[in-house]
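[1] Can you look at this prediction? I've put the sequence above it.
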Amino acid sequence: MTAEERARQIVNRMFENDPFSQWLGIERLVVKPGHCVLRMAIRREMLNGFAIAHGGITFSLADSALAFASNSQGRHAVSIDTSISHITSLREGDILTATAIEEQLGHRIGHYRVEVRNESGEMAALFRGIVYRKSQEW
């Protein structure tokens, strides 16, 4: 099995046991070791009182991309520090793409950047995450 096949197998297993990512309506577009691209649409129940997407929605999409990218390396990884900058507001029907990029991978710690863009390619949010890599293999 290639590293890419193993990464997809790990992410498929994670996604099958992740009802929240399923509720978000996430579609997995690209899965490679240390890299993941996800897509989803903003639905009415994801809006806040201003009729824009709740900040937790973009955070959750980016967090799922972080989880899939970091675990795709073959070891259990959990986030230990995350942050997000919301750059533009999102509305019902907007299609988001989250791209997780591994910036640094060490024995115990990994650093990731997740760019969330709308269907026009405009940056909607920038997320950074640090994960702790457990010794347990997938």
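    Perfect, I can see it now.

[2] Okay, buried residues for the biggest strand by length in the chain please.
    If you go by DSSP state E, the chain has its longest strand at strand 123-137. Across strand 123-137, burial judged by 16 or more other C-beta atoms under 10 Å covers A124, A125, L126, F127, R128, G129, I130, V131, R133. Every residue, glycine included, has its C-beta placed from N, CA and C.

[3] ok, the second one - contacts?
    This means A125. T58, F59, A62, I84, S85, H86, I87, E115, V116 (C-beta atoms under 8 Å, 6 or more residues apart in numbering).

[4] Adding distance to C36 and neighbour count, write these out as JSON lines.
    Shown next, in JSON lines, are those (distance: C-beta to C-beta, whole Å; neighbours: other C-beta atoms under 10 Å):
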{"residue": "T58", "distance to C36": "16", "neighbour count": "26"}
{"residue": "F59", "distance to C36": "16", "neighbour count": "18"}
{"residue": "A62", "distance to C36": "11", "neighbour count": "28"}
{"residue": "I84", "distance to C36": "17", "neighbour count": "18"}
{"residue": "S85", "distance to C36": "20", "neighbour count": "9"}
{"residue": "H86", "distance to C36": "21", "neighbour count": "16"}
{"residue": "I87", "distance to C36": "20", "neighbour count": "15"}
{"residue": "E115", "distance to C36": "12", "neighbour count": "18"}
{"residue": "V116", "distance to C36": "12", "neighbour count": "26"}
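
[5] Quick check, H54 in contact with L47.
    Yes: assessed by C-beta atoms under 8 Å, H54 is found in contact with L47 at 6.7 Å.

[6] Nearest residue to L90 in space, please, no chain neighbours.
    Nearest residue to L90, sequence neighbours excluded (C-beta to C-beta, 6 or more residues apart in numbering): A53, at 3.9 Å.

[7] Could you check how far the one you found is from S135?
    37 Å (C-beta to C-beta, to the nearest Å).

[8] again, but for G106
    G106 sits 13 Å away from S135, going by C-beta to C-beta.

[9] next one: A124
    A124 is 36 Å from S135, by C-beta to C-beta.

[10] on that earlier part again, could I have the CA atoms of the longest strand of the chain written out in PDB?
    This file holds the C-alpha atoms of strand 123-137, laid out as PDB (Å, rounded to 0.1, in the frame of the first residue of the first chain):
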ATOM      1  CA  MET A 123      -9.700  33.900   1.700                       C
ATOM      2  CA  ALA A 124     -12.500  33.600   4.200                       C
ATOM      3  CA  ALA A 125     -10.500  32.500   7.200                       C
ATOM      4  CA  LEU A 126      -6.900  31.600   8.100                       C
ATOM      5  CA  PHE A 127      -6.500  28.800  10.700                       C
ATOM      6  CA  ARG A 128      -3.300  27.600  12.400                       C
ATOM      7  CA  GLY A 129      -3.000  24.400  14.400                       C
ATOM      8  CA  ILE A 130      -0.400  22.600  16.400                       C
ATOM      9  CA  VAL A 131      -0.900  18.900  17.000                       C
ATOM     10  CA  TYR A 132       0.600  16.400  19.400                       C
ATOM     11  CA  ARG A 133       1.600  13.200  17.700                       C
ATOM     12  CA  LYS A 134       0.900  10.200  20.000                       C
ATOM     13  CA  SER A 135       3.000   7.000  19.600                       C
ATOM     14  CA  GLN A 136      -0.100   5.000  18.700                       C
ATOM     15  CA  GLU A 137      -0.300   4.100  15.000                       C
END
